[in-house]
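Provided below for reference: sequence and predicted model.
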Amino acid sequence: MKSQVEVQDPITDRILDEWLEEPAPFLSILHAIQDHYGYLPEPALRRVSQRMDIPISDLYGTVTFYHFFQLEPKAIPDIRVCENSACCLHDLDQLCEEVAGADLGIEHSGKIEKISCPGRCDVPVPLLIGEKFLHGAKPGAIGEAVEATMPLPPETGQQECLFQHIRDGVSDLKVALEKGAWKSPLLAASDPEKLISELKTSGLTGRGGAGFPTGVKWEVVRNENRGPKWIICNADESEVGCFKDRVLMAHTPHALLEGMTCAGLVTGAEVGIIYLRWEYPEILESLQAAIDEATAAGYLGEDACGSGRPFRILIRRGAGAYICGEETSLLNSLEGKHPFPREKPPFPTTHGLFQQPTIVNNVETFCAVPPIVEHGGQWFSDLGLGEQNGMRIFSVSGDIQRPGNYEVPVGTPLRQLLVEFAGGPLPGREIQGVTMAGVSGGLVGAEDLDVRLDPASLDGLGAMLGAGGIVVHDDTRCMIKAARESMHFLKEESCGKCFPCRIGTTRMTEILDELGSGQPVREGIMEEIEDLEEVLGETSACGLGLAAPYITRMLKKYWPDQIQQKLNGSTQASEGADDE
Amino acid sequence: MMSNENRMTIDGAEVAFQPGETVLEVARRQGAFVPTLCYDERLDPYGSCRLCVVEVEGRRLPASSCTLKAESGMEIRTGSDPIRKMQSTLMEMVLSENPDDECPRCRDIGTCEVHDLAEKLEVGRERFLGAISNASKDDSNPFLLRDYDRCISCYRCVRICDEVEADHAITMTGRGWNKGIATAFDGGLMDSDCTLCGQCIYTCPTGALADKKMVGQGEIPGEVEVTRSVCPYCGTGCSINLHSRDGKMIGVTPVLDGPVNEGALCVKGQFGFDFVNSGDRLTRPLIRKNGELTPVSWDEAFDYTAQKLMSVRADHGPKAFYAIASGRAPGEGSYMLQKFTRAVMNSNQVDNCSRG
Amino acid sequence: MSNSIPEIEDAKMMLCVGTNMTECHPIIAVRVKKAVRKGAKLYVVDPRKIPLTEYADGHLPLKLGSDVALFNAMAKVIIDEGLEDKEYIEERVEGFEELKAHLQPFTLEYAEEISGVPAELIRECAIEYAKAESAGIYYTLGITEHICGVSNVQSLCNLALITGNLGKKSAGVNPLRGQNNIQGAGDCGALPNNYPGFQSVEDPACQEKFEKAWGVPMDPKKGITKIAALDHAVDGRIQAMWICGENTLVTDPDVKHTTKALESLDFLVVQDMFLTDTAKLADVVFPAAAFTEVDGFFTNSDRRVQRIRKAANPPGEAMPDWWIISQVAQRMGTSVDFEYQSSEEVFDELAALSPIYAGLTYDRIEKGDLSWPVPDKDHPGTPILHEGEFLNGKGKLQLLDYVPPSENPDEEYPFYLTTGRRLPTYHSNTMTGRSGGFRILVPNEWLEIHPADSDRLGLADGDWARIKSRRGEVITRVAVTRTSPRGTVFMSFAFPEEVMTNFVTNPEVDPRTETPEFKVAAVSIERVEAPSGLGAEQALRADPEGPGLV
C-alpha cells in the first residue's frame, strides 16, 4: 500500500510535536505547515496523515474543500477580490482590470481570484493579497484603497448594550475592567442556576441565525453528565453582508472571552475554542493578545476568575468555507473531518465536539452574557420593543449613506434603521429593496420597509431575520441580478453533499442568469423555479439549501414586473433598473 | 390493549419495528415504495440524495427516512402527492447532471439504479438542463472505468472503500458543484491505496464506475444470463454471479446476499474470471505418441488409460498407483477420484494438494 | 475453521498469525477491518510488516519459526496473571497443571530472545487476548508450512483452551484455507487416511461400510502422503500417477526433485484446463471443464458447502472432472457402479456415505447457508464447532517445545527466505496470469529486501540478484522495501516460467503432516547484471514502473 511509504519531513514533525497534545489541533497544524512552506506539500500531508491516523485520501479531500489551503507553491500572491452582494454592486470587471496592473504597495502576481464575502461590506471593495487586506478599492479610484482598519460602529444616539462601551477603548483590559468587565464569571461560578435563569428571563436567543434560546442550550449542556464538555464560539462569520462579529471581536474582545468563561464555569467545560474565520487575520492577532492578557491577569487559566476551576480559551482558524459556519460542519472541521454538516439529531448539546456535550454560540450571543449578568435578564429583555426581547446588531451595507454596524432594539422598524441611523439612500436615489440575513433570508422590497426587525415579523413577509446582515439596493439596481448574485453565493458555498442543494442552487443560478441575460428564455422556466424552490425548501439537509428559495420567492413577490419583462422576451431592462 | 412500545404507523398501517431500525427499513419491509440513490444497506445511513423523504406527523418538513430512526408512536406517510412530486423533481435534477447519451452500463451490464428509478418515477432528462457535472478520468488501471460525467456524487464509492474495504483509496474533493472523486493527490488508482477490488463499481448507482471487461462487450449476440456461483480463488468462498452471453463468460458481479462476502469481492474474484476464455485451454484429450502429445478421441484416450492402469495394477500391485485430487476443482471430481482409487485400484493411495 | 467467517466482525479481539490476510483472503480481512471499526483489538503476529498491521493495535514481528516460544510465553503470562478461564478449564480441559509446569522456562525474556519481539509487547498481546470477551485466532500457512507446523497450531489451541475461547461465538482457532475447495477435497476423502467425511480407513467399521456401499474389498492400510509419493516415484515403488488440477511441478518445494519424480513414472495422467508444466510431462492429458462450465460444489474455509453452477459452455471437448474419471473406471471392467447421469447423483452418493454431509442436497446448499456437520435433512448446520463439549471428551492441552527451523542462516547462506502470495497473483498464476489485466498489476516476480540489507549488498531498487540455496538458484529483480525485516527476504512463486522460486525452497517437512517448510529457507543473495537473451515480452514484463505498488 502506498500509504505505507515512509516519509521524512522534520519540519512537519516539529509542528506535529508542538500541536498534537493540544485540543482539536487539526486546523492549526495545517496552517502552521502552510505558513512555513507557503503551501501544503505532499510529503507534509503524508506525515500528518500517518501521525494523526487520518487516511491520506481523506486528508487530501478535506484539504481541497477549503478555499485557502493551497496544494501548489505560489511564490507571489494573487489578488483576491470579493465578488458578493455589497461588492458586486460595483463594476468588478473594471476593478479587476485596474488592480491587476496596479502598484498596491504589496507585491502581487497580477492574477485575480474571486472570493466569497470576507466580511468587509462596510468598506467595499476589499482586496486580499497574501494575508493582507486592503479596504475601499473602487473602480476608477483604486488609489483610495487603504490598509485594513476596523471602523468603530456609527453611533445611533440611542441606548446601546453590547456597544455601550465599545468606543471607550475596552479592547484594552485595563479600560475594560474600569467599565466593569470580568465580573459575570463570579456569578457563573457561585450560582450557575441563577445565571441560567437570568439568561432565560432575558429572552436571549442565538444571534448566529437559528435563534435557539441560549439559556435552554446552556442548561442542557450543564445537565449532561458526560465529558469533557466543550465551549465553542462560532466566529466563522461568513454570511454575505455580515460583519458584526468582526467589530465585536476587534473592539470588545473581553466581553466575548467573559461570556465564554461564564459558559465554561456554568457547564463544567474546561476549554473554550473560538473558531475564527480565516479571512479575519487582524482579529487573530488582537484576539490572541486579549486572551494572553486575560490569562496573565488570572481571568483565564488554571484558576479562572478565582473560581478554583480551570478554563482556557484557544483560537482555531478556519480556512475559508461558509458551510463551516453551520455548527455541525464547524465541529467536523475542528475534528479534521470532511466539513459536511452532520445529521441532526443528535444535537451538539449532547453530541458535539468529539461527540461530547458542547455549547456552540455565536460571538454576539456570548458578548450579550456579561451585560445580562450585570443588569439582570429582565433589564435586557425590556430593551426590546413591544413583545420583543433585547437588542441586536445589524450590519448595513450597499447603497446606503453610512454603512456599518448598528445595535438597535429588537422590533425596530427596518426603515428607521436604514433611514434614521444609517443615513438613508445615496443622494437622489430611493431604496428598491434589501437582502436579509446576509442573503439567505431573502429579499424585502421597498413597500415593506416598515417591517419590524424581529424574527416573527420577517417571517410574516416570507423572509428571514437570520444573522442580521442587510445589503441595500437602490433604484438603479436590477433585482434579478441581485437575486442571481445571492444564489451564486449559495451555489459556490454549498458543501455538495445533499442533492437538492448541490444541484438546486446551481440550476437556480443558471436560471437567474438566463433570466437576467436579456435573451429569450426557455419555456416552463417559472415552473422549474417553483419545483426547485419546493425541493430546496423542503428536502435540503441543512439551512443553506433550505434558505435558498427565499431569494426567488421574494424576487417574484416584490419584482414580478422585472421578471415578466424578461419572460416577454424584452431586451429592455425595467425602468431605471439598469446594471451599472 | 396492545402496547405502543416499538410500534409505529406507516401509511395508515400499524407496524412493529426493532429498536435501532430506520424508518426506511421499516417502510420497505411494509412494501412501501421509497426510492433511494445514496443508500446501500451495507453502509452507514448518509442522507444525501433526499429521495427517501417521508412525511412525519408533527414535523414541519419531510425527513429523510434513511437517517430517521423509528420511534414508538411515529406516524409516517411515504407516498403522498407532494412527496412523489418532490421525488420526481429530484430525479429530474439528477438526470440533468448527466450527459444525454446511452448509458454504457445499462447497455452492457444491466439497467443501472439511476435509470431504473427514473423509469419507475416516470421522468426523463428534459428539465433543469444546464452544466454537466465532473469530468471522466483517464485511468491506466486495467479494470475500473472512471467515467465521472455520469457521477451523481452519492459518494457510495468513497463510503464503501472506507466503511467496508477500509482501503480509503478514494475521497470526495472540492465542494458544491465543483466536487469530485479522486485518490490522494488525484493520481491514478494504481498509484493509490486502491486494491482494485471493484466494490465501488457494484455500489455505484450509475454508469460512472464500470467494469472495463464488461462494457463494450455489447456486440456478442444474445441476452445476458446471470448464474449464481462461488469464487474459484482462495478458501473464503465468496458468492459471485457469473454473467454469460451465448454460452461465453463475459463478467462477474458480486452476490449481495452471499453469506460470506455480503457483496464484497477482491480483485481476483471480481476481475480474474476470464482465464476460462483463455485461448490456450485444452480442448481435446492428448496422448503421447512418439514423444509428442497428440490429440485423440475420448474413446482412444479412455481405452488407452484404462489399459495402462490395469497393467500397472496387475504388474506392480495396487500401491503402484497414486492419485492427487485438486483443491480447486469441484468436489464431485475429488469424490470420484478417491472412489476410483479405493474401489478400482484397491488402495488408499490418494491425497489432495493441501500439503503444498 | 472452528467458527464461521461472518462471526469475525463481532470478535472483541483478533490474533492474526502468519496470515497476510488483506492479500490472500481479502474478504475475510474485510470482516476483520469491520471488527476493528466496531472497536475490537487486533494484534498481528508476522515477520513482515504486512498491510494488515496498518489496522492493528500491535504488530509482533517474530523471527521465522519462533512461534511456539512466543505463544508458550503468552500462555505463561495468562496463567501468571490469573487470567485463565478457570471454570472452562475445570469443565472442559485436561492437562492444565502439567502445562503450567511445562511453561516455567518460557519467560518473557526467553521469548524475546528467541522471537525478537519485545517482552512488553508479548505481555500486552497476551493480556488483551485473555481479557477479551471473545477472542479469535486466525492463521494461514505462516503457521503450518514449518517443520513444527503441528506444534505451532497446538500452541495456539493451548491459548484458546486456557481462555475458554473454543466453542463460543466470534472466537475459536481458525485456519484460513488457501484454495477454494481444499476443504472440500479433504471432505470428499481425497486423503490417504480417510474415507469421505473423515472416516478412518483403518477403522474396520468404516471399511465395512464402504465395502458394502461399493461392493468390493477395501485396502485396510492407509496410503502414503503426496510428499512421500513423490519419493516413491523416484525409487520406482510408484509407477502410475493421476494428477487432477494441480501444477505439482511448480508448487512443490525443490523442483529438481519433483521433476525427477514425475519423469521416473511409467504412466502419468494429468487432468487440467491448461497444458501446465506438469501436463507437459504426462502420457495422457484430459481436458477439464472450468468451474463456470459445470455443476458441483465447493466447500470453503468455514466448512460451508456451496453450489457452483454451469454458466458457460466448455471449449472443444472439455468435460467435467467426475465424468472423465467415471468413464475410465467403466472401461476397466469394474463391478463397481460408476454410471452417473449428473453431478447431483455424485453429490447424493457422497452425502449418503458421509455423516457430516448426510443432511445435504443440492437444494439445501443452494445459497451456502450450511456449514458441516449437517447430520440430517433438518439440521441447521454447525457454524461453531465444539459448542458445549468436544467430540472426544476433554480438550487436551499439549506440552510443546520450541524447535528451530531446519535451516538457519549461516556464513554461506546468510538470509532467511520466506514465501507467500501477492494480492493480484494467485498461486502459480495459471488463473490470474491468464485473466486480462493482472500482468499489468504485477508484471513479474521480485525479491523483497530491507534497505539495510540491500545497502550492504550494493543492491538498488530494480537491480537483479541471484538467490541461491543448498538446492538451487534463481535470478530475479529486487524491490527495496521495509515490509520484510532485516535479514529476511520474501518472494512469491507466481512466475514459474521466469523465476522458479521453488528451486530454492526447502523440502523438509513436518513429520506428522508432511507439510514442507515453504516458509523458511536459508539463502545467499548477490547482485548480477540483467540477464541477456530475455524475450521482448519478458523484458517488457521485467520493467515494472514500480514493483510492489499493489
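It's in.

okay, now the closest residue to B:Val114 other than its chain neighbours: neighbour count?
Excluding the flanking residues, the one nearest B:Val114 by C-beta to C-beta, 6 or more residues apart in numbering or on different chains is B:Thr206, at 4.8 Å. No exception for glycine: its C-beta is placed from N, CA and C like everyone else's. Neighbourhood size, B:Thr206 [other C-beta atoms under 10 Å in any protein chain shown]: 25.

repeat for A:Gly268
17.

which one is A:Arg309 nearest to, not counting chain neighbours?
A:Arg309 sits nearest to A:Leu265 (C-beta to C-beta, 6+ apart), 6.3 Å away.

tell me the contacts of that neighbour?
A:185, A:188-189, A:192, A:304-305, A:307, A:309, A:311 (C-beta atoms under 8 Å, 6 or more residues apart in numbering or on different chains).

now swap in C:Lys221 and tell me
C:Lys221 sits in contact with B:348, C:201-202, where contact means C-beta under 8 Å, 6+ apart.

Which one of the residues you listed sits in the busiest neighbourhood?
B:Asn348 (26 neighbours).

which residues touch the residue nearest to that residue when sequence neighbours are not counted?
For B:Asn348, ignoring the flanking residues on the chain, the nearest one in space by C-beta to C-beta, 6+ apart is C:Gly223 at 3.5 Å. C:Gly223 sits next to B:319, B:322, B:347-351, C:192-193, C:201 when contact means C-beta under 8 Å, 6+ apart.

With A:Gln70 instead?
Contacts of A:Gln70 (C-beta under 8 Å, 6+ apart): A:34, A:38-40.

ok, now with 10 Å
Neighbour list for A:Gln70: A:34, A:37-40, A:63, A:319 [criterion: C-beta atoms under 10 Å, 6 or more residues apart in numbering or on different chains].

Closest to chain A out of the contacts of C:Gly223?
B:Asp351 (37.2 Å; C-beta to the nearest C-beta).

How many neighbouring residues does C:Lys260 have?
13.

Specify the next element, helix or strand, located C-terminal of the helix or strand harbouring it.
Per DSSP states H and E, C:Lys260 falls inside helix C:255-264. Moving toward the C-terminus from helix C:255-264, the next helix or strand (DSSP H and E) is strand C:267-272.

by how many degrees do that following strand and helix C:255-264 diverge?
120 degrees (axes from the mean of the first three to the mean of the last three C-alpha atoms, to 10 degrees).

Direction included, what does whichever helix or strand comes after strand C:267-272 pair up with?
Using DSSP H and E, the helix or strand that follows strand C:267-272 towards the C-terminus is strand C:284-287. In the sheet, strand C:284-287 lines up against strand B:286-289 (antiparallel), strand C:267-272 (parallel) (DSSP bridges).

Spell out which residues make up each domain of the chain.
In the absence of a named chain, chain A is used. For chain A, automatic domain parsing gives the domain ranges A:2-65, A:79-147, A:166-381, A:393-567.

Not quite, go with chain C.
If you go by automatic domain parsing, chain C breaks into C:6-176, C:182-357, C:415-541.

cool, chain B as well?
B:7-79, B:102-211, B:224-277, B:286-355.

Just the ones of the contacts of C:Gly223 in strands?
B:322, B:350-351 (DSSP state E).

Just name the closest of those to A:Glu374, please.
B:Asp351 (90.7 Å; C-beta to C-beta).

how about the closest one, what does it touch?
B:322-325, B:338, B:341, C:185-186, C:190-193, C:223-229, C:514.

Helix, strand or coil: sort out C:Ala479 for me.
strand (DSSP: H, G, I helix; E, B strand; the rest coil).

And for it, the neighbour number?
22.

I'd guessed it sits against C:Asp461; true?
Yes - contact criterion C-beta atoms under 10 Å: C:Ala479 and C:Asp461 qualify, at 6.0 Å.

so what does the helix holding C:Lys260 touch, helix or strand wise?
With contacts taken as 3 or more C-beta pairs under 10 Å, 6 or more residues apart in numbering or on different chains; DSSP states H and E, helix C:255-264 sits against helix C:226-234, strand C:240-244, helix C:248-251.

Packed most tightly, which of those would that be?
Greatest average neighbour count among the helices and strands packed on helix C:255-264 goes to strand C:240-244 (a mean of 27), per mean count of other C-beta atoms under 10 Å in any protein chain shown.

wait, does the helix or strand of chain B with the lowest mean pLDDT make contact with chain C?
Sorting the helices and strands of chain B by mean pLDDT, DSSP states H and E puts helix B:104-108 at the bottom, at a mean of 84. No - Helix B:104-108 lies apart from chain C when judged by C-beta under 10 Å from any C-beta of the partner chain; the minimum separation is 15.9 Å.

which residue ranges form the strands in the stretch 51-200 of chain A?
Taking DSSP state E, counting those that start in this stretch, the strands of the stretch 51-200 of chain A run over residues A:79-82, A:112-115, A:127-129, A:132-135, A:146-147.

Using JSON lines, lay out those together with mean neighbour count and distance to A:Val360.
Below are the strands of the stretch 51-200 of chain A laid out as JSON lines (neighbours: other C-beta atoms under 10 Å in any protein chain shown; distance: least, C-beta to C-beta, whole Å):
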{"stretch": "strand A:79-82", "mean neighbour count": "24", "distance to A:Val360": "26"}
{"stretch": "strand A:112-115", "mean neighbour count": "16", "distance to A:Val360": "25"}
{"stretch": "strand A:127-129", "mean neighbour count": "23", "distance to A:Val360": "27"}
{"stretch": "strand A:132-135", "mean neighbour count": "20", "distance to A:Val360": "27"}
{"stretch": "strand A:146-147", "mean neighbour count": "12", "distance to A:Val360": "33"}
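
Nearest to A:Ser440, out of those strands?
strand A:79-82 (17.2 Å).

gap between that closest one and the chain center?
Centroid separation between strand A:79-82 and its chain, computed with C-alpha atoms, centre = their mean, to the nearest Å, is 18 Å.
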